[in-house]
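Trainee: Predicted model and sequence follow; I will ask about them next.
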Amino acid sequence: MNTYKLVISTPDGSVFDDNATALIVRGTEGELAVMAGHIPFITAVKPGECKIVLSDENEKFATIGGGILTVTNDKTTLLCSDFKWN
C-alpha cells in the first residue's frame, strides 16, 4: 500500500513521526480516514480513539484529545491536546 508522512503532536511535543498507510479519527462531521493521496483539507478533530495503520500493516491505537487535522500533498499533521497509546 502507498504511505505518507504522518506527524502527531501535543503541547508536550511530537508523539509520532513516521510513514503510515491510514489514520482514522473522529472529525466534526463523523469518523474519517486519511489514506495516501487524500485531497488537502483541514478539519477539527473530536476527542476519542485514533487508529494508525503503519506501513507494515500493523495497527496502533491511541486515545486523543480534541485538535486539528491538516492534510497536505506531502504530509498529514494531527495537533491534539492530549495523546495516550492504548
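Mentor: Yep, it's here.
Trainee: So what touches the longest strand along the chain?
Mentor: Identified as the longest strand of the chain according to DSSP state E is strand 13-27. By CB atoms under 8 Å, 6 or more residues apart in numbering, the residues outside strand 13-27 that reach it are 1-9, 31-36, 43-46, 48-55, 57, 64, 69, 76, 78, 83. (C-beta placed from N, C-alpha, C; glycine too.)
Trainee: In helices, which of these fall?
Mentor: Using DSSP state H to define helices, no part of the contacts of strand 13-27 is located there.
Trainee: Filter the residues you listed down to the buried ones and hand me the PyMOL line.
Mentor: The PyMOL command for the buried members of these (criterion: 16 or more other CB atoms under 10 Å) is given here:
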select buried, resi 3+4+6+7+8+9+32+34+35+45+50+52+53+64+69+76+78+83
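Trainee: Of the contacts of strand 13-27, which belong to strands?
Mentor: 4-9, 31-35, 43-45, 48-54, 64, 69, 76, 78, 83.
Trainee: Number of residues surrounding residue 24?
Mentor: A total of 16 residues lie near residue 24 under the criterion other CB atoms under 10 Å.
Trainee: Please name the bridge partners of it.
Mentor: residue 33, residue 51 (DSSP bridges).
Trainee: Can you give me the buried ones in the longest strand of the chain?
Mentor: For strand 13-27, by 16+ other CB under 10 Å, it's 15-16, 20-26.
Trainee: Can I get that strand in CSV? Just the C-alpha atoms.
Mentor: In CSV, the C-alpha atoms belonging to strand 13-27 read as follows (Å, rounded to 0.1, in the frame of the first residue of the first chain):
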residue,chain,number,x,y,z
GLY,A,13,5.9,17.7,21.8
SER,A,14,5.9,15.1,19.0
VAL,A,15,4.4,11.7,19.8
PHE,A,16,4.5,10.1,16.3
ASP,A,17,6.6,10.9,13.2
ASP,A,18,6.7,8.1,10.7
ASN,A,19,5.1,6.8,7.5
ALA,A,20,1.6,5.4,7.6
THR,A,21,-1.0,4.0,5.2
ALA,A,22,-4.0,5.3,7.1
LEU,A,23,-5.2,7.5,10.0
ILE,A,24,-8.7,7.1,11.4
VAL,A,25,-10.1,9.7,13.7
ARG,A,26,-13.4,11.3,14.6
GLY,A,27,-13.9,14.7,12.9
